[in-house]
Structure formats: C-alpha cells, structure tokens
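Enquirer: predicted model and sequence follow; I will ask about them next.
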Amino acid sequence: MNKKNLRRHPILAFTLVELLVVLAIIALMTSLLLPGAQMMLLRGQSVKCSGNLRLIGTALSEAVTDNNGQYPEIDQAATPVYPPGSGATNLIGALGAYGVTTNTIQCPVDMATNPSSFKKYGSSYEWAPIFDDEVTTTPILYLNANVKIPVNSSHVRLCTDFLPLHRGRQNALYGDGHVTAR
C-alpha cells in the first residue's frame, strides 16, 4: 500500500472530548433518574407491607370463624398486655395455622432499619389488643365499668406498623379487612 491510499480512508474514532461529553450526559441522566427509582423502590416496599397486613387480615378472618366470631387474644405489642400463662400468644401463634409465617410479619421497610421492630419485638406489626375476645360483628369499647360504646368494625384498627416508616405514615389493618396508610 502506498501513502496516498491511506490518506483517503481516514481512521474513524471518537476523540477524548467526545467520549467525556457522552459520559457526562449519561451521568447527568442517571442522577436525574435515581431519586425517582428510589421513590419507586420505597413505594414497592410499602405495597408489600400492605399486602402482608391483608394476609394477616385474611388469616384473622379464618381464625375468627373458628373462634365463635370473636377476635383471638394476641399479645404482639411494644408493652406486653397479658400476664404470662393467660393463653394470649403472638401473631404467628394465633394465626400460624391460617398461613401467617415469619415472612408475613416482616415489613420490608422495617427490616431495612436498624434496629428493626422485628428484631426488637418479633414482628414488624403491632397488634391492638383493645378488642381481643370481642365479637367481630359488634365490637364494644369499654371506657369504664358503666360506659360501653359499640364500634363499627371498619373503624377498629387491629394491626399497624410499629413505627411510621412509609413516608411518615403507618399501614394499618382494620376490623373489616381493609388496609390503609394513616
């Protein structure tokens, strides 16, 4: 080959400046998309938590059917409510036969915190024992020995996250089976 033929076919390549510009554009686009991706990840974890509470609600519905229409005694609170030997048990003890597992009582956001409520209390969810042993169709709130208030089950908050981990809110399971963030 002679030198004239080489000059007619220039070498096709990117310059260093062009490569740096492309890398800068990619870095800029990544930095713009990253917060959105993190928000979607947190939203997905919140949805998983809501799903766990719905599963607990479904298991609770089956347990209530087997318990003459009454809520079981569950002692899954930050401060134990029932004395030892009372028959009250944790969420898995009360609802394990109905499909509640260790994975069901783990909120993904809680599991990412240190220390997690799961490690501290054995569950990411706190049970509200105020309606234990009440009939699910007509639960009663006892203010004192003389004052009894019937409550609509859709207003009875049974189980919530221990802490407001979902953008400052807690997911909560209500007596009629619906789950919402509050």
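Expert: Now that the structure is in, tell me what you want to look at.
Enquirer: and stretch 87-96, how far apart are its ends?
Expert: With CA to CA, to the nearest Å as the measure, stretch 87-96 spans 15 Å from end to end.
Enquirer: er, stretch 95-112 I mean
Expert: Counting by CA to CA, you get 25 Å between the two ends of stretch 95-112.
Enquirer: identify the residues contacting it?
Expert: The contact list for stretch 95-112 (CB atoms under 8 Å, 6 or more residues apart in numbering) reads 42, 45-46, 48-49, 52, 55-56, 58-60, 62-63, 72, 74, 91-92, 116-118, 122-125, 161-163, 165-166, 171. Backbone N, C-alpha and C define where each C-beta goes, glycine included.
Enquirer: going through these, which ones are buried?
Expert: The neighbour count (16 or more other CB atoms under 10 Å) marks 42, 45-46, 49, 52, 55-56, 59-60, 63, 72, 74, 91-92, 116-118, 123-125, 161-162, 165-166, 171 as buried among these.
Enquirer: next step: those restricted to strands.
Expert: Using DSSP state E, the subset of the buried ones among the contacts of stretch 95-112 located in strands is 125, 161, 171.
Enquirer: from these, pick the one nearest residue 33.
Expert: The closest of these to residue 33 turns out to be residue 171 (CB to CB; 27.1 Å).
Enquirer: quick check: bridge partners of the closest one?
Expert: Judged by DSSP bridges, the bridge partners of residue 171 are residue 181.
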